[in-house]
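Visitor: have a look; sequence and predicted model below, questions after that.
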Amino acid sequence: MTPLDDLFGADGPLARTLAGYAPRAEQLAMAKAVAVALSARSELLVEAGTGTGKTYAYLVPALLYGAKVIVSTATRTLQDQLYHRDLPALAGALGRPVTVALLKGRANYLCRHRLNLATGTAELPGFARPSARSLATIKRWAATTKRGDIGELTSIPEADAVWANVTSTRDNCLGQGCAEFRDCHVVAARREAQAADLVIVNHHLLLADLALKEEGFGELLPGADAVILDEAHQFPDVAAQFFGLSLGSRAMAAVGRDAATELTRAGLHDAGARERVSALEAAIEALGASLAGLPARVAFAELPDLALDRLVELGSALDALGEQLDDERLEAAGVRAVGRRARELALKVAEYEALGAEEGLKAIEQTGRGYTLEFTPFSIAERLTAQVRARDAAWIHTSATLAIGADFRHYAEKVGATEATTLKIDSPFDYRRNARLYLPRGLPEPASPGYTRAVVAAAVPIVRAAGGRSFLLFTSHRALSEAAAVLQGGGLGLDDLPLLVQGEAPRDALLRRFRELGNAVLLGTGSFWEGVDVPGRALSVVVIDKLPFASPDDPLLKARLEGLRREGRNGFLECQLPQAVLALKQGVGRLIRATDDRGVIMLCDPRLSSKGYGRTFIDSLPDIPLTRDAVEVLDFLQAVLADSAPA
């Protein structure tokens, strides 16, 4: 018996202390593998099926490790769950007090300087005027908050535009030149993290540190003995963003606005500086005008000469403003900081122009709010590998979806972890008894005009039999809207069931309503495919309209496919197919979230049966009995719902 056997055992401290805890062989197996990787400071990839208890499986060894550990999650919600719920419970159960820090991106912390700026210059032309009432609320909270985490102030939603006025970015932060530096919440949070035994971050923040994009506040990674990536399947896409380049017209315009604001605040009425601000605004507008009539996303190589000339002029305008403002003779730290930002953006424009076609894809994307210069590298594996090998630390990647069958190669190649130890742990849930996988017959090809209407018609009898309690998940917003219109039109036999549609309310509000109602039908796409947890009778059916192949216009996908093509490899088999398989596993994973959950997964795409690659999708799912018989599905639903009905 090892110490971990005792800790995770039926008579161990977890079972004695934590309500609802039950020993699981799968959880223990993962914990032992994590402990070995921590001790050897090696790299480990773990796919842990739903119900494994992977959070405790990596946190317990991390708490026992006795060295500095960084835990990185996919979202701030998961960060808060680890910090406020899981870690205190485990530390108490183990009797192992540990110093834990929660560190979020700087946009999550109040900036006292920006608050002063917002309240003092809200009337300036071009300065986004925040709500006076919201500002007053924030000022009262600012006087009492210890951490400055904007999540504390629940009376103002995080999506409220006012927060952009009172939080900082790397670009507009004054650093040590700020008058509020000694009381800076971001600096305090970073110092706390550097002193802690265990630090909880998210992938964006970790990669900002890894890619050296937060200079001036100290790095996290050099002091870490281990990095644990939870929800690791999201890590490669986040990494590609950080190792690429993205420069938007709004960020450049913000430099001009902030320059005007800081000059006014400092009482400087420099005609030359204001002329440079005007020149920058004109250059931003001129590049946008040169893109008129072009596709929403146009490759750099296809830009007309006029646009290329305007891009050069934009870089020059940024550089000229930077030279004007970043002057040591100026005593105003805010003005000089804006000058440094302008120079940095000028360097970014020059970097963008210089990047070669052999390194990745360059494009300009236009939206209704401006345009963005984008560069997406073909691969980030080499850079990630170099970062990992430069540090004597363990790296542990875990998720419910890392492998295709038992093969981790797709994920490992994307993150440069081809030499890592791998472990696949199947879910302990009894899928054969509690679930059915239904592939309906007779549906048209997914590209046909009437496909979504046919999917809804096929799903209605199943949803009706379940008494609602259903997710209908779509691979596009267009299909979601069409399905919603069909169901809202009525006459399908579901009129007595509540219909919840993504976009009508925030995701969390829709989920809360879905759980409360107990008989609702929820239509969603994108964000509802993962990170959604509805255990119990409220969810008994998950309908998926199509195999979730990524849009061919997706910049990350296009870059990866082009990189593989240049290497003479098959982009469909090595990228598009594995990516779709992992996405489908996430969607299917919404149904069974607890031991007693039961229900039906309905996969509507006929390609699962008609295409050779359909078997790859089926074989990667849990061991669920498959049927094409609607009557069998209806009988199964009737039986499991009757069996699980409250006494």
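Guide: That came through fine.

Visitor: how far off centre is the least confident helix or strand in the chain by mean pLDDT?
Guide: None of the helices or strands of the chain scores lower by mean pLDDT, DSSP states H and E than helix 112-121, at a mean of 82. Its chain's C-alpha centre and that of helix 112-121 lie 30 Å apart, by CA atoms, centre = their mean, to the nearest Å.

Visitor: for it, packing partners?
Guide: helix 132-142, helix 163-166, helix 249-265 (3 or more CB pairs under 8 Å, 6 or more residues apart in numbering; DSSP states H and E). Quick note: C-beta positions are derived from backbone N, CA and C, even for glycine.

Visitor: of all those, which one comes closest to C178?
Guide: Nearest to C178, of all those, is helix 249-265, at 12.1 Å by CB to CB.

Visitor: now do the helices in the stretch 51-200 of the chain.
Guide: Along the stretch 51-200 of the chain, counting by DSSP state H, counting those that start in this stretch, helices occupy 54-65, 76-81, 87-94, 112-121, 132-142, 163-166, 185-195.

Visitor: so what's L591 up against?
Guide: Contacts for L591 (CB atoms under 8 Å, 6 or more residues apart in numbering) come out as 435, 539, 541-542, 597, 599-601.

Visitor: just those now: which is nearest A363?
Guide: Nearest to A363 among these: V542, at 35.7 Å, using CB to CB.

Visitor: not counting its neighbours along the chain, what's nearest A10?
Guide: P23 (5.2 Å; CB to CB, 6 or more residues apart in numbering).

Visitor: check L102 too.
Guide: Y83 (4.2 Å).

Visitor: roughly how far apart are that neighbour and D270?
Guide: Noted for Y83: a distance of 47 Å to D270, by CB to CB, to the nearest Å.

Visitor: A strand includes the residue nearest to A10, no?
Guide: No - assignment of P23 by DSSP: H, G, I helix; E, B strand; the rest coil gives coil, placing it outside any strand.

Visitor: how many neighbours does it have?
Guide: 15 (other CB atoms under 10 Å).

Visitor: thinking again about what came up before, any chance of TSV for the helices and strands packed on helix 112-121, columns mean neighbour count and distance to A107?
Guide: Supplementary listing: the helices and strands packed on helix 112-121 in TSV, determined by neighbours: other CB atoms under 10 Å; distance: least, CB to CB, whole Å:
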stretch	mean neighbour count	distance to A107
helix 132-142	15	14
helix 163-166	20	8
helix 249-265	20	13
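
Visitor: can you lay out those helices as JSON lines showing mean pLDDT and distance to R297?
Guide: As requested, the helices and strands packed on helix 112-121 are exported to JSON lines (pLDDT from 0 to 100; distance: least, CB to CB, whole Å):
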{"stretch": "helix 132-142", "mean pLDDT": "88", "distance to R297": "35"}
{"stretch": "helix 163-166", "mean pLDDT": "87", "distance to R297": "26"}
{"stretch": "helix 249-265", "mean pLDDT": "88", "distance to R297": "15"}
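
Visitor: per-domain residue ranges of this structure.
Guide: When the chain is parsed with automatic domain parsing, its domains come out as 3-102+189-241+380-425, 245-377, 431-643.

Visitor: mind putting those domains in CSV, distance to N165 included?
Guide: Supplementary listing: these in CSV, determined by distance: least, CB to CB, whole Å:
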stretch, distance to N165
domain 3-102+189-241+380-425, 20
domain 245-377, 11
domain 431-643, 22
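
Visitor: returning to that earlier point: may I see the buried residues of the least confident helix or strand of the chain?
Guide: 112-119, 121 (16 or more other CB atoms under 10 Å).

Visitor: do stretch 340-360 as well
Guide: Neighbour-count burial for stretch 340-360, counted by 16+ other CB under 10 Å, picks out 340-343, 345-346, 348-349, 352, 355, 359-360.

Visitor: need the contact partners of it.
Guide: Stretch 340-360 is contacted by residues 171-172, 244-245, 247, 251-252, 255, 258-259, 280, 301, 311-312, 314-316, 318-319, 321-323, 325-326, 362, 373, 375-378, 559, 563, 566 when judged by CB under 8 Å, 6+ apart.

Visitor: let's go with 6 Å and repeat that
Guide: Under the criterion CB atoms under 6 Å, 6 or more residues apart in numbering, residues 171, 245, 247, 252, 255, 315, 318-319, 321-322, 326, 362, 373, 375-378, 559 lie in contact with stretch 340-360.

Visitor: re earlier: and which of the buried residues of stretch 340-360 is nearest E158?
Guide: R341 (24.7 Å).

Visitor: helix or strand for that closest one, which one?
Guide: Using DSSP states H and E, R341 sits in helix 333-354.

Visitor: of the contacts of stretch 340-360, which belong to strands?
Guide: Among the contacts of stretch 340-360, the ones falling in strands (DSSP state E) are 245, 247, 362, 373, 375-377.

Visitor: got a winner among those for most neighbours?
Guide: T376 (25 neighbours).

Visitor: per-residue pLDDT, it?
Guide: Model confidence at T376, given as pLDDT, is 92.

Visitor: roughly how far does L384 sit from R106?
Guide: 23 Å.

Visitor: likewise I364?
Guide: Using CB to CB, one gets 28 Å for the distance from I364 to R106.

Visitor: okay, these two: which has more neighbours?
Guide: Higher neighbour count among I364 and R106: I364, with 26 against 21, using other CB under 10 Å.

Visitor: what count of nearby residues applies to the nearest residue to V98 once chain neighbours are set aside?
Guide: Nearest non-adjacent residue to V98, counting by CB to CB, 6+ apart: D197, 4.8 Å away. Residues contacting D197 under the criterion other CB under 10 Å number 18.
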